[in-house]
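> Kindly generate the corresponding structure for this input.
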Amino acid sequence: MSIKTKIAAVALAALTVTAGVASTTSTAQAKPLGWGVGVGLGIATAAVVGTAIAASNDPYYGYHRCGWSPRYNAFGQYVGSVRTCY
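Predicted structure coming up:
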């Protein structure tokens, strides 16, 4: 199977499961909003703020270790060097 076929199969399976869950019927019950909404909004807000803070700073891991690495072809022959950072 190609990667596109695998992705399509997973997407179709996810769509089928989602449709199955959405199609289940149950009686609607009116009740006040509980702790779940507040906790969910708190987690969502923390994720947004954390992402904004992380995006505004320089990455802590950085690219501090750079050097030249030899490159070889499929036959093991040296074809040159390339600069790599890790």
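> Could you use CA atoms for every contact and neighbour count after this?
Fine.
> Against Gly34, how distant is the spatially most distant residue from the centre of the chain?
Computed with Cα atoms, centre = their mean, the maximum C-alpha offset from the centroid of the chain is found at Gln77, amounting to 37.8 Å. Using Cα to Cα, to the nearest Å, Gln77 is found at 67 Å from Gly34.
> Also Gly42?
13 Å.
> So which of these two has more stuff around it?
Comparing Gly42 with Gly34 by other Cα atoms under 10 Å, the one with more neighbours is Gly42, at 12 against 8.
> How about residues contacting whichever strand or helix holds that one?
If you go by DSSP states H and E, Gly42 is part of helix 35-56. Counting by Cα atoms under 8 Å, 6 or more residues apart in numbering, helix 35-56 makes contact with no residue outside itself.
> Contacts for the following helix or strand past it next, please.
Counting by DSSP H and E, the element after helix 35-56 in chain order, helix or strand, is strand 66-72. Contacting residues not belonging to strand 66-72 are listed as 78-86 [Cα under 8 Å, 6+ apart].
> Could you tell me which ranges of the chain sit under the pLDDT cut-off?
Within the chain, the ranges that satisfy pLDDT under 70 run 1, 19-26, 28, 55-64.
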